[in-house]
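Participant: here is a sequence with its predicted model. Questions after.
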Amino acid sequence: MTELTARRAATRDRLIDAAAVVFGEKGVLGAAVEEICEEAGFTRGAFYSNFSSKDDLCLALLERLYDHQTAALDQVIDAIGSPTGDLEDLIRRALEVFFAAQPEGRNWVLTSQVLRLHAARSPEFAAAYRRFNEQGIARVADTIEGVLASLGYELTTNGVAAISLLHAVHEYGALGSLIGSDALEDGYAAGLMATVLGALIRPVSSTSAR
């Protein structure tokens with residue numbers, strides 16, 4: 001990588017990080033390009049050298065979130081290795097690694113919700129949001145189904161439905177932790193996800209195996 005390319009990549013990364021802060025506080029529509037630039041310490045020229053619009057920046061944020069999810073999933077796979085032993089213990093260990101690998105801070109929690117809301121408001125952005133969401137869900141579903149199959153288990157529903165449900169539970173817990181509900185103490189979201197995931201798993205029957 002040349003020095004110029006490395007510098008441009010660093011500038012782009014700082015603008016993405018700044019957008020996570022500003023979008024988290026003001027939303028996509030409420031955030032001005034100038035505010036993002038100020039947060040990053042750059043001028044409008046730096047912004048438009050890297051992004052054609054705020055929606056283009058939103059796509060970069062989606063890519064960053066997808067990369068976070070992929071990295072977290074890879075860490076889970078590495079941590080559990082060749083899965084053996086108690087299923088409940090396996091679920092607990094996998095979720096501990098997954099939650100520990102998530103990006104820290106309220107800004108990324110809020111930004112994921114802001115991007116979802118923006119997709120609901122913008123048909124143009126919605127298409128890209130669906131694409132990233134479907135890619136992420138499919139990858140997680142394939143991974144979980146593969147691990148379960150190696151242990152003689154299966155999901156009680158299709159993988160997409162199961163992961164969509166777990167994603168909803170995860171978002172509920174993440175937002176709840178910011179709200180400060182007494183019920184959503186540390187570890188509550190992971191425990192709730194473990195309970196839901198456990199309810200979605202059954203031993204492979206002779207009928208389903210055929």
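Facilitator: Alright, I've got the coordinates.
Participant: run through who's touching stretch 136-145.
Facilitator: Contacts to stretch 136-145, defined as Cβ atoms under 8 Å, 6 or more residues apart in numbering, come from residues 66, 69-70, 73, 76-77, 154-155, 158-160, 162-164, 167. Where you see a C-beta, it was placed from the backbone N, CA and C, and this is true even at glycine.
Participant: just the C-alpha atoms of that stretch, please, in CSV.
Facilitator: Presented in CSV, the C-alpha positions along stretch 136-145 are these (Å, rounded to 0.1, in the frame of the first residue of the first chain):
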residue,chain,number,x,y,z
GLY,A,136,-25.0,-11.5,7.5
ILE,A,137,-28.0,-13.7,8.5
ALA,A,138,-27.1,-16.3,5.9
ARG,A,139,-23.5,-16.6,7.1
VAL,A,140,-24.5,-16.9,10.7
ALA,A,141,-27.2,-19.4,9.9
ASP,A,142,-24.9,-21.6,7.9
THR,A,143,-22.3,-21.5,10.7
ILE,A,144,-24.7,-22.4,13.4
GLU,A,145,-26.4,-25.2,11.4
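Participant: gap between the spatially most central residue of the chain and Trp108?
Facilitator: For the chain, the residue sitting closest to the mean C-alpha position, by Cα atoms, centre = their mean, is Gln69 at 4.7 Å. With the distance defined as Cβ to Cβ, to the nearest Å, Gln69 ends up 11 Å from Trp108.
Participant: same question for Arg116.
Facilitator: 13 Å.
Participant: one step back: tell me which of the contacts of stretch 136-145 fall in strands.
Facilitator: For the contacts of stretch 136-145, the ones inside strands are 154-155, with DSSP state E as the criterion.
Participant: pull out the buried members of the contacts of stretch 136-145.
Facilitator: Buried residues within those, counting neighbours by 16 or more other Cβ atoms under 10 Å: 66, 69, 73, 76, 154-155, 159, 162-164, 167.
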